[in-house]
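Student: My questions are about this predicted structure, shown below with the sequence.
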Amino acid sequence: MQNSNTVAELAIAMPAAIPVLERLKIDYCCHGNQPIEQACSRAGITPEQLVTLIQSEPAGGEERSWDAATLMEIVRFILSTHHAYTRSTLQTLGELAAKVSRKHGPHHPELMTIERLVAALTDDLMPHMMKEEQILFPYFEQLDRGGEVPLPFFGSVRNPIRLMMAEHDAAGEKMAEIRAASNDYSLPADACTSFTAFYKMLAAIEEDLHRHIHLENNVLFPRAIAMESAPAGVAR
């Protein structure tokens, strides 16, 4: 970790750290700019203990380094892995939220809060992904090709990126509210199969959203800004 000062830098330099950060509930995506020592202190461990946990992580996980990837290789991964998963899962979550709330809501009123939050998260993420796909990612493709890139209607790419990151923060906050309302996805004794599946799916989409936002905020977006800012004639 000698070259990493923040949690985001650690997640980029050592992708194997991501599962460990997830388990420790250390935010490496929306608030990945927090210093490692501060994040460890909040998690109740030392940086040295974090290193030990990362080194103990089994090899061969799904994490990968994006150092040699082009912008569009990253974009294609986001589209096929995260956007496709998010769309499909949000639809199922909406159906499960309504079903579980109807059946168990009278005894577990927190389910009504979670149902409302799932709907709000869906309302935020669906147009968010559409904006990325229709506006931001096509511009990234132009940057990836190199050469002269026409000035986009939004001016600098920093402008839509700033908006996308703000929307990431909002989505992350809604997921945190869902986690809090569900008491860390703790199932009650009377939870049925649908209730169990609902909470498992919520936990899964939260983890996927963390990885999704990390890849955009900390890898894709900074690289696009750097490429747009490169002087003419400098290889992108």
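Tutor: That came through, no problem. Numbering: from 1, shown residues only.

Student: now the helices for the chain?
Tutor: 7-13, 17-24, 36-43, 47-55, 71-77, 84-104, 110-131, 137-145, 158-181, 193-214, 221-229 (DSSP state H).

Student: what angle do the longest one and helix 193-214 make?
Tutor: Counting by axes from the mean of the first three to the mean of the last three Cα atoms, to 10 degrees, helix 158-181 lies at 150 degrees to helix 193-214.

Student: tell me the mean pLDDT for helix 158-181?
Tutor: Per-region confidence: helix 158-181 scores 97 on mean pLDDT.

Student: Quick check: which ranges of this protein have low pLDDT?
Tutor: In the predicted model, the chain carries pLDDT under 70 at residues 1-3, 59-63, 231-236.

Student: Please name whichever of the helices of the chain is nearest to S65.
Tutor: Across those, S65 has its closest neighbour in helix 7-13 (8.3 Å, Cβ to Cβ). Any C-beta I mention is one placed from the backbone N, CA and C, and that applies to glycine too.

Student: For that closest one, which outside residues touch it?
Tutor: Outside helix 7-13, the residues that touch it by Cβ atoms under 8 Å, 6 or more residues apart in numbering are 1, 3-4, 17-18, 21, 26-29, 31-36, 39, 66, 214, 217-219.

Student: Could you do stretch 171-187 as well?
Tutor: 27, 29-30, 110, 113-114, 117-118, 120-121, 124-125, 128, 195-196, 199-200, 202-203, 205-206, 209-210, 213.

Student: ok, now stretch 220-229?
Tutor: 71, 74-75, 78, 139-140, 143-144, 149, 156-158, 161, 164-165, 236.
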